[in-house]
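how would this look folded up:
(one chain, ligands or ions: 1)
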Amino acid sequence: MTAKHVPLRTCVQCRQVRAKRELIRIVRTPQGTIEMDERGKAAGRGAYLCRNKACWEGAVRQGRLEHALKAKLSAADKERLWEYGQQLPCVDTVLPEATDAPETVGEEGDQAAATVPG
Ligand SMILES: [Zn+2]
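Now for the predicted structure:
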């Protein structure tokens, strides 16, 4: 067993469990405002998201943050969260990606096309 204790938190969007410091806490303060709590110490109800653009976009769009914070986000809040997400890298995406890569089909006819008269 490892002796080092690392606090773990779950991203409210992708449900991945990560070390707390790898996540960003969003907090609903006692005043009812929504803040990005980068130090993870602000008072209030918190929710965690990965440092992943896709998670922020999804959480804002799908209302996961509202659900996790038990708060209604205003349009301004959503915009702020969205903006914050835009500066994050789109890394470590665990969402299933659509595989729409075109299949490579061997092209025929190249050899037969040119008939050199001679
Ligand atoms: Zn996530």
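
Would you mind listing what in this structure touches the ion?
Counting by Cβ under 5 Å from the ion, the chain comes close to the ion at 11, 13, 14, 50, 55. (Each C-beta comes from the backbone N, C-alpha and C, glycine too.)

Report the contact partners of the second one.
What it means is residue 13. 49, 50, 55, 56, 58, 59, 62, 64 (Cβ atoms under 8 Å, 6 or more residues apart in numbering).

Excluding chain neighbours, what is closest to the fifth one?
Taking Cβ to Cβ, 6 or more residues apart in numbering, and ignoring the residues beside it in sequence, residue 58 has residue 13 as its nearest neighbour in space, at 4.8 Å.

rewinding a little: could you dump the contacts of residue 13 to CSV with pLDDT and neighbour count?
Below are the contacts of residue 13 laid out as CSV (pLDDT from 0 to 100; neighbours: other Cβ atoms under 10 Å):
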residue, pLDDT, neighbour count
49, 97, 28
50, 95, 26
55, 96, 28
56, 96, 25
58, 96, 20
59, 97, 27
62, 96, 11
64, 96, 19
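
out of the residues you listed, which are inside strands?
The strands, defined by DSSP state E, take in 49, 50 from the contacts of residue 13.

Tell me which two in the contacts of residue 13 are the farthest apart.
Distance extremes for the contacts of residue 13: the farthest pair is 50 and 62 at 14.7 Å, using Cβ to Cβ.

and the residues of the chain next to the ion, which two are the farthest apart?
With distances taken as Cβ to Cβ, the most widely separated pair in the residues of the chain next to the ion is 13 and 50, at 7.3 Å.

just so I have it, where are all the strands in this structure?
Using DSSP E, strands in the chain cover 8-10, 17-19, 23-28, 34-37, 45-50.
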